[in-house]
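**Q** what shape does this take:
(one chain, ligands or ions: 1)
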Amino acid sequence: MSSVKTAVFPVAGLGTRFLPATKSVAKEMLSIVDKPLIQYGAEEAIEAGINKLVFIVGRTKNSIIDHFDKSYELETELEIRGKLDLLKIVKDVIPDGVACVFIRQSEALGLGHAVLCAEAAVGNHPFAVILPDDLIRNEGNGCVKQMVKVFDEYQSSIIGTQTVAIEESDKYGMVAGEQIGDRIARVEQIVEKPAPSEAPSNQAIVGRYVLTPAIFDLLRTTQRGAGDEIQLTDGIAALREYEQVLSYSFEGRRYDCGSKMGYLQATVEFALEHEELADDFKKYLKQLKL
Ligand code: G1P
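**A** Numbers count the residues shown, from 1 in each chain. Predicted coordinates for the structure are as follows:
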């Protein structure tokens, strides 16, 4: 059995890139076809054997809390109307045996600070961090499941990575290191949002991490960095001085749903695979004759 049982979802960001859609609705509640981004993230964690989901929320994120709450009225109504397939969809949002914890991040001080807010809920155990804006698809063997497997083998913190165009390095944490296994490298350099000329390689951090609890002490003393925020990347750079940190080039397709283009790509590709919609949607796209 895996030792990673908790996932942290830092979801307190303002989502300014999707205004006005995100004026009162959390960006993580935006749907790809019929499921909010946050739920894809929760399902990826649960698939990896995780049974505690810790959400670090901001003031405008009550819709996330509501989404994972039991909806008695809706469930009763669906039951009375005999809509049992829909009832199952609603009940499956959080399967039995999975607990949700919600913590308020009262100041938006950055991703590192958000992860530190989870300390009391995580305790002295390894945990995953999932940024739901990065939607990652790999049917049957999701990114977190792959990373938990690597963690169980190496017992070291792991960062999910992907190759990006070097011109885009200032949008990501960037890493470089020595390859030690299939898809696995030992991180030797890690820097948050460097200019292309300063990037150590073309390997970017994506929104998936498995971390040892040693990160918390380091985040407590991490100073503000890129964007004047307390960066998780800087905390991990400090962790590297005490422990081996690995990068893992995951198997699967990532959609940057924090950008409009990535969001649209995910919507089209998920619709083309959707069991009810795929055929009709394909026909519709063909007749557009673009
Ligand atoms: C965060 C991290 C960054 C990482 C990125 C992945 O940045 O700080 O290291 O590469 O997520 O999506 P953000 O996109 O929140 O600015």
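**Q** just checking, residue 137 touches residue 257?
**A** No: using CB atoms under 8 Å as the test, residue 137 is too far from residue 257 to be in contact (11.3 Å). To be clear about C-beta, it is placed using only N, CA and C from the backbone, and glycine gets the same treatment.
**Q** what's the neighbour count on the closest residue to the ligand within the stretch 51-200 of the chain?
**A** Closest approach between the stretch 51-200 of the chain and the ligand, counting by CB to the nearest ligand atom: residue 173, at 2.6 Å. Residue 173 has 24 neighbours, counted by other CB atoms under 10 Å.
**Q** which residues touch it?
**A** Shown in contact with residue 173 (CB atoms under 8 Å, 6 or more residues apart in numbering): 159, 190, 191, 192, 193, 204, 205, 231, 232, 233.
**Q** could you list which of those residues also contact the ligand?
**A** Restricting these to those touching the ligand (CB under 6 Å from any ligand atom) yields 192, 204, 205, 231, 232, 233.
**Q** returning to that earlier point: who has more neighbours out of residue 137 and residue 257?
**A** Just comparing residue 137 and residue 257: by other CB under 10 Å the higher neighbour count belongs to residue 257, 26 against 17.
**Q** residues contacting the more buried one?
**A** Applying CB under 8 Å, 6+ apart, the residues contacting residue 257 are 30, 32, 37, 132, 133, 134, 135, 263, 266.
**Q** residue numbers of this structure in contact with the ligand?
**A** 111, 131, 134, 172-173, 192, 204-207, 231-233, 258.
**Q** filter those residues to the buried ones?
**A** Among these, the ones that count as buried by 16 or more other CB atoms under 10 Å are 111, 131, 134, 172-173, 192, 204-207, 231-233, 258.
**Q** with pLDDT added, can I get those in a markdown table?
**A** Below are these laid out as a markdown table (pLDDT from 0 to 100):
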| residue | pLDDT |
| --- | --- |
| 111 | 96 |
| 131 | 97 |
| 134 | 97 |
| 172 | 97 |
| 173 | 98 |
| 192 | 97 |
| 204 | 98 |
| 205 | 98 |
| 206 | 96 |
| 207 | 96 |
| 231 | 97 |
| 232 | 98 |
| 233 | 98 |
| 258 | 93 |
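**Q** tell me which of the residues you listed is nearest to residue 270?
**A** Distance ranking of those against residue 270, using CB to CB, places residue 134 first at 14.6 Å.
**Q** what's the nearest residue to that closest one if we skip its chain neighbours?
**A** Counting by CB to CB, 6 or more residues apart in numbering, residue 134 lies nearest to residue 207, which is 3.5 Å off, once chain neighbours are set aside.
**Q** same question for residue 211.
**A** Per CB to CB, 6+ apart, closest to residue 211 is residue 157, 4.7 Å.
**Q** neighbours around the one you found, how many?
**A** 23.
**Q** OK, contacts around it?
**A** 126, 209, 210, 211, 212, 215, 236, 239, 243, 244, 245, 246.
**Q** now do the helices in this structure.
**A** With DSSP state H as the criterion, the chain has helices at 37-47, 62-67, 72-80, 84-91, 111-117, 119-122, 143-154, 215-220, 232-239, 260-273, 278-287.
**Q** what mean pLDDT does the last one have?
**A** Read that as helix 278-287. Averaged over helix 278-287, pLDDT sits at 95.
**Q** next, the buried residues of that helix.
**A** residue 281.
**Q** list of residues touching it?
**A** 268, 271, 272, 274.
**Q** just among the residues you listed, which is most surrounded?
**A** For the contacts of helix 278-287, neighbours tallied by other CB under 10 Å; top is residue 271, 19 neighbours.
**Q** residues contacting that residue?
**A** By CB under 8 Å, 6+ apart, residue 271 lies in contact with 33, 277, 278, 281.
**Q** roughly how far does the third one sit from residue 262?
**A** Yep, that's residue 278 we're talking about. Distance check for residue 278 against residue 262: by CB to CB, to the nearest Å, it reads 21 Å.
**Q** next one: the second one
**A** Separation of residue 277 from residue 262 (CB to CB) stands at 20 Å.
**Q** and what of the first one?
**A** Note on residue 33: its distance to residue 262, by CB to CB, is 15 Å.
**Q** got it, and residue 130?
**A** In this view, residue 130 and residue 262 are 16 Å apart by CB to CB.
**Q** which of these two has more residues huddled nearby?
**A** residue 130 (27 against 16).
**Q** partner residues bridging that one?
**A** For residue 130, the beta-bridge partners are residue 208 (DSSP bridges).
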